[in-house]
Each structure stands twice: as structure tokens, then as C-alpha cells.
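Chemist: how would this look folded up:
(4 chains)
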There are 2 protein chains.
Amino acid sequence: MSFDGQLPPKLRLLRAAAELLAKSAGAAVSTRQITQLAGVTAPTLYHHFGDKEGLFDAVVAAGFEEYVAGERDFAPSGQPLVDIRRMWDNHVQFGLKQPELYLVMFGNIRPESRPAIVADAEGLLEEMLNKAAAAGQLNVQPREAARSILAANVGVTLMLIAEPAAERNLELSTMTRDAMIFAVSRDQGREAGSEDSGKSSVVVAAIALNAALQASHSDQLTSSELKLFLEWLHRISTSSTG
Amino acid sequence: MSFDGQLPPKLRLLRAAAELLAKSAGAAVSTRQITQLAGVTAPTLYHHFGDKEGLFDAVVAAGFEEYVAGERDFAPSGQPLVDIRRMWDNHVQFGLKQPELYLVMFGNIRPESRPAIVADAEGLLEEMLNKAAAAGQLNVQPREAARSILAANVGVTLMLIAEPAAERNLELSTMTRDAMIFAVSRDQGREAGSEDSGKSSVVVAAIALNAALQASHSDQLTSSELKLFLEWLHRISTSSTG
DNA sequence: TAGCACCTATAGCAACGCTATATGAACTGA
DNA sequence: TCAGTTCATATAGCGTTGCTATAGGTGCTA
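Modeler: So this is what the prediction gives:
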């Protein structure tokens, strides 16, 4: 496949660069490869984009528009925190679908382009968090919340990209996502304390499990199993030492 | 400053590479620069390290030992979650002190070296989280907690590195840190906020009891009873919903 | 037709990562 | 003592990279 078609050379260069960038799994892409695929010679590239980085920046800019579109393209649910969750998932999905582009956007650190992109992504989040704050659902300043959530979001996405696609466990994402959203939202329980430090952890855990089991209707065990289980649990939770 | 001294060329190459890597703010470092600073010619580099990446890997390996040393070099406080907090801060400080090295270690995605390093860093965290789990302070499996915390830790550090040193606000780190540690720790307020995000209290309690039992030598149950008990416990703690 | 932007091609430079080959130094065994 | 072997470094140069000085072609306005 090549782009020697009738499109203008500038666009052909953009598409060729995007395609090669996406296909070469992290490896370097040369200007000669790009210009050849675009059916164009070297000076054309430098006429339109200044230098190689300029071309890549243009590719990134296009990719970022796609990203922003994805982040905006859903009906607001009316619950800002729910929308934030969707934005997180969109972010991760974008990274997994176009890992090379994502790495150029959020992974690589080039003092010029990256902060701008990060700032834009931050802005999208902050926008939504402002609604949450207006609804009194926020625990911290929207800007700080946006920075914190985005940092974790990027970290998780990078980690997921780094590991083989087969072993990817998206629970890492959902778990971290909920942790971050919960952390910035208002309706939290109070600070973690060390109240029950007197009893052994086994006993504490057994008591907690006992209470929880009594209150729930778990069907993981049969009734006879449950009966015996609770008896043992009782034996553990009434033991004096740990 | 140069390394034409009396040190063996291999070491001179390592130090020259590390120095140039640290000084060049993210820019590329050529083998010619390195060999010249080391007072050595090109083939020497390839004799000792195979290729440029091999040399950089060696630099990273040295840097990683320093990182690990930093992560281990403090007296355990007896409170695993407090130690985890220190490990987080150590991680961030390491990244800010040697940003270029950090970027090669955690930022760059090279399918070979990075996962190994990440896995090691993950191991350090998991080690400590195991103690927390044994003390019944954990809400989730130590491995999942380690992955989640490390991902957020890397994301925060990358973001801090990316922005100008003058504007760096470490509160981003402390805030995210506490959010993550709180999220994986047991003594949270219940379920709040996002409805279906947390696990049921039964599962939480079962995980804690499981970790506590593994670490203790409870003699309240016979070994055969304990075996069956743990099996049921596992069945409960791996159920998706309460 | 002339003049003027704009865009593209020819050809080539300096710097890059890397290597085929050769030379020197240090050790080994008789 | 000295040839044989191995390790370590140097000379010189290959192919590729990002990039550019210069020139030529194209389509417009007058």
C-alpha cells in the first residue's frame, strides 16, 4: 500500500508517517521510509513540516484530536463522577488501541510538546471535575484532582501497554480508577485509624468476616458448609491469642 | 572532566555514558561522544557491551541497584503501610534526582528491559504489601495492590519530571500516594461514593482473614479443618459479588 | 508574455551506529 | 626463552540517518 494517489503531498506525508509509526512497534521510523511510502522526496517533508519532529508533532496533533473527540463523544450522564470514570476508560482504551501514538503523546518526554498535550488532557478532566465540584461532590480542588487522576491514568495505561497483550488485566485499571475517583470525592468514610490494635489481626478479620457473612446472602457455600464454616470462624474469633 | 584516568576502559565507558545521559536533558547521546569522553575508540565499546543499547542497559542496571538500595535503606517502622509510603516518596525522589535515568528505566518502553525492571520494582512493593496483608491491613491481593500503586507512582513521577522544576508541586505526589494507599488498605469507610466499585464487605473480610491466617500459626483448627476452611475462604474471597 | 510565489527534485554533506581487520599486551606451556 | 594463544584496543571505512544548497517546474496575475 502506498499513498502515491492524488492527495496533496502534505497529507500523504502525514498518513504515511502515521501508518509507519503505528506499524513499527516502537522501533525508529526514518524519514526515507516515510517519504518513499508517501511517494515524495526529502525536501518536500522539510518544506511542509520543518523537520522530522515537526512531522511527528503534526501526527500527534491529529491523534490528539481523535483522543479529545473520544473524550467528549458521549452524552453527559448528569453524574460528573460517572462521566469521569468513562473518560478514564476512554483514555486507557485509546492507549491500548494506538500504543505507539500514545507513547509519543504521553510516554516520551519532549520538553516542548508533551506538557502542552498533558495540559490539554488535564483541561478536559478539570472541566468535568468542575461540574462535580459545583455539585458539591468534590473533596479537593478540581485542578489538583485532575492532575492526580491524569497522572494515575497515564501510569496505568503505560503499564498496560508495556505488558504482553495476552496478560493484560484490565482490573488494574478499574481498581486504580475507582481508588482515585473515590479519593477525590466527598462521601468518604473518615480517616483510617488504628483503633482495634489490641486484638490480633486474625481475630479482627474473623470478626469482620463473621459479621459480613451474617448480613449477606452469600451462595458461595452450601448451607451445611456455611454452618461448619461459621462454627470454625467462631472458634477462631473467640480465641484469646493470635 | 574526562575519564582518561587509570580506570579500566569498561568502567570509563560506563561512567562517561552515565554522565552524558544525565547531562543531556533528554536529547540523544551518541556513541562518539561517549567514547571520546571515555578516552576510547569505538570498537572498545562494542567489545564490552555489544552495542549502544547494551551499554545503556548496563547504565540502567547500575541505576536500578541504586534505586533498590534506596528502597531498602530504611529501618522498617513495623507499620507496613507507613513503609509503603516511604517507598513511594523514595521512588519520586529518585525520579526527580535523576530524571534522565528514570526516564530510561520507567518512561521509555523497550519491550525487553522495561518489564524486567518494572517487575523488580513491583516485587519490592509486593514484598512490603505482603506484610500489610499478613497484618490484615489490606483490602485486595498484595500483587494487585503493588501493580496499582506502582502504576500511579510512575505516572505521578513522570508528570512531575515533565513540568519545569520551578512549578513542581509535590502535593500531587502526596495526595495521589495517600489516595492509593488508602484505597488498598482495610480501614476504609464502607462502599461510599461510586456504587458498585468496591468489593462487598464479605470479600474484604475474607481477604484479610486469609492473609492473616497464612501469616499466623493458629491452632484453633486442626490441619484438616484448616485446609477445608481455607478452601472455602478462597471460594468466598474470589467471588465477584457479595 | 513576463514576473512571481509556491512546491518539488537532484545531489550531496556531516554525523550516526556499527564492523572487518590489524596491532599490541599479557599470559601459558615447553 | 620463546612461540602460541587470548584478550583488549586502534585504524579505517561501510551503510544509513536527518537535513539542505541549489535548481527547476508549475500555476497564477498582469
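Chemist: where are the low-confidence patches of chain A?
Modeler: Within chain A, the segments meeting pLDDT under 70 span A:1-6, A:75, A:108-115, A:187-220, A:234, A:236-242.
Chemist: Now the helix or strand encompassing residue A:87: buried residues?
Modeler: Taking DSSP states H and E as the definition, residue A:87 sits inside helix A:80-97. Residues of helix A:80-97 classed as buried: A:80-81, A:83-85, A:87-88, A:90-92, A:94-96 (neighbour count, 16 or more other Cβ atoms under 10 Å in any protein chain shown). In this view, the C-beta of every residue, glycine as well, is placed from N, C-alpha and C.
Chemist: which ones among those come in contact with chain B?
Modeler: A:81, A:85 (Cβ under 8 Å from any Cβ of the partner chain).
Chemist: Distance to residue A:164 added to the buried residues of helix A:80-97, as a markdown table?
Modeler: As requested, the buried residues of helix A:80-97 are exported to a markdown table (distance: Cβ to Cβ, whole Å):
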| residue | distance to residue A:164 |
| --- | --- |
| A:80 | 35 |
| A:81 | 33 |
| A:83 | 32 |
| A:84 | 29 |
| A:85 | 26 |
| A:87 | 26 |
| A:88 | 23 |
| A:90 | 23 |
| A:91 | 21 |
| A:92 | 16 |
| A:94 | 19 |
| A:95 | 15 |
| A:96 | 12 |
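Chemist: Closest one to DNA strand C out of the buried residues of helix A:80-97, please.
Modeler: residue A:95 (28.4 Å; Cβ to the nearest atom of the strand).
Chemist: my guess is the closest one contacts residue A:161, does it?
Modeler: Yes: contact criterion Cβ atoms under 8 Å: residue A:95 and residue A:161 qualify, at 5.9 Å.
Chemist: Kindly point out which residues are neighbours of both of these two.
Modeler: residue A:102 (Cβ atoms under 8 Å, 6 or more residues apart in numbering or on different chains).
Chemist: where exactly do the helices run in chain A?
Modeler: A:9-23, A:31-38, A:42-49, A:52-72, A:80-97, A:99-102, A:113-134, A:142-162, A:171-184, A:201-215, A:223-237 (DSSP state H).
Chemist: count of neighbours near residue A:165?
Modeler: 9 (other Cβ atoms under 10 Å in any protein chain shown).
Chemist: out of everything not next to it in sequence, what's closest to residue A:7?
Modeler: residue A:15 (7.8 Å; Cβ to Cβ, 6 or more residues apart in numbering or on different chains).
Chemist: what's the neighbour count on that neighbour?
Modeler: Neighbours of residue A:15 using other Cβ under 10 Å come to 18.
Chemist: Quick check: residue A:150 touching residue A:123?
Modeler: No: at 10.0 Å, residue A:150 does not count as touching residue A:123 under the criterion of Cβ under 8 Å.
Chemist: quick one, which of the two is more surrounded?
Modeler: Shown here are residue A:150 and residue A:123; by other Cβ under 10 Å, residue A:150 has more neighbours (27 against 14).
Chemist: So that one versus chain B, what's the distance?
Modeler: Noted for residue A:150: a distance of 7 Å to chain B, by Cβ to the nearest Cβ, to the nearest Å.
Chemist: how about that residue, what does it touch?
Modeler: So residue A:150 contacts A:118, A:121, A:122, A:125, B:155, B:159 (Cβ under 8 Å, 6+ apart).
Chemist: Now residue A:29. Nearest residue, chain neighbours left out?
Modeler: Nearest one to residue A:29, counting by Cβ to Cβ, 6+ apart, is residue A:20 at 4.7 Å.
Chemist: Tell me the spacing between the one you found and residue B:145.
Modeler: Residue A:20 sits 39 Å away from residue B:145, going by Cβ to Cβ, to the nearest Å.
Chemist: Likewise for residue A:107?
Modeler: 24 Å.
Chemist: These two: which has the busier surroundings?
Modeler: The neighbour count for residue A:107 versus residue B:145, taken as other Cβ under 10 Å, is higher for residue B:145 (27 against 23).
Chemist: Excluding covalently adjacent residues, which one is nearest to that one?
Modeler: That would be residue B:184: by Cβ to Cβ, 6+ apart, it lies 4.1 Å from residue B:145.
Chemist: Please look at that neighbour and residue B:143 and confirm they touch.
Modeler: No: using Cβ under 8 Å as the test, residue B:184 is too far from residue B:143 to be in contact (11.1 Å).
Chemist: At the contact with DNA strand D, which residues of chain A appear?
Modeler: Residues of chain A that fall close to DNA strand D, judged by Cβ under 7 Å from any atom of the strand: A:28, A:29, A:30, A:31, A:32, A:33, A:42, A:43, A:46, A:51, A:52, A:53.
Chemist: Can you tell me the centre-most residue of chain A?
Modeler: Ranked by distance to the mean C-alpha position of chain A (Cα atoms, centre = their mean), the top residue is residue A:153 at 3.4 Å.
Chemist: what about residue A:63, how many neighbours?
Modeler: 21.
Chemist: which ones are touching it?
Modeler: Counted by Cβ under 8 Å, 6+ apart, residue A:63 has contacts A:18, A:98, A:101, A:104, A:105.
Chemist: Skipping adjacent residues, who's closest to the third one in space?
Modeler: Same thing as residue A:101. Nearest one to residue A:101, counting by Cβ to Cβ, 6+ apart, is residue A:63 at 4.4 Å.
Chemist: per the record, what domains does chain A have?
Modeler: A:9-50, A:61-184, A:201-237 (automatic domain parsing).
Chemist: Distance from the chain centre to the second one, please.
Modeler: Which is domain A:61-184. 5 Å (Cα atoms, centre = their mean, to the nearest Å).
Chemist: swap in the first one?
Modeler: Average the C-alpha atoms of domain A:9-50, do the same for its chain, and the two points are 29 Å apart (Cα atoms, centre = their mean).
Chemist: what about that domain and DNA strand C, touching?
Modeler: Yes: using Cβ under 7 Å from any atom of the strand, domain A:9-50 reaches DNA strand C at A:9, A:10, A:40, A:41, A:42, A:43, A:44, A:47, A:48.
Chemist: Considering these, which possesses the most neighbours?
Modeler: residue A:40 (20 neighbours).
Chemist: pretty sure it is touching residue A:12, no?
Modeler: Yes: taking contacts as Cβ under 8 Å, residue A:40 lies within contact range of residue A:12: 6.5 Å.
Chemist: what about dumping the CA coordinates of stretch A:10-28 to CSV?
Modeler: C-alpha atoms of stretch A:10-28 as CSV (Å, rounded to 0.1, in the frame of the first residue of the first chain):
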residue,chain,number,x,y,z
LYS,A,10,1.5,17.1,2.7
LEU,A,11,-1.5,14.8,3.5
ARG,A,12,0.3,11.9,2.0
LEU,A,13,3.3,12.5,4.3
LEU,A,14,1.0,12.7,7.3
ARG,A,15,-0.7,9.5,6.6
ALA,A,16,2.5,7.7,5.7
ALA,A,17,4.1,8.8,8.9
ALA,A,18,1.1,7.8,11.0
GLU,A,19,0.9,4.4,9.3
LEU,A,20,4.6,3.6,9.7
LEU,A,21,4.6,4.9,13.3
ALA,A,22,1.7,2.6,14.1
LYS,A,23,3.2,-0.4,12.5
SER,A,24,6.8,-0.2,13.7
ALA,A,25,6.3,-1.5,17.2
GLY,A,26,8.3,1.2,19.0
ALA,A,27,11.2,1.0,16.6
ALA,A,28,12.6,4.1,14.9
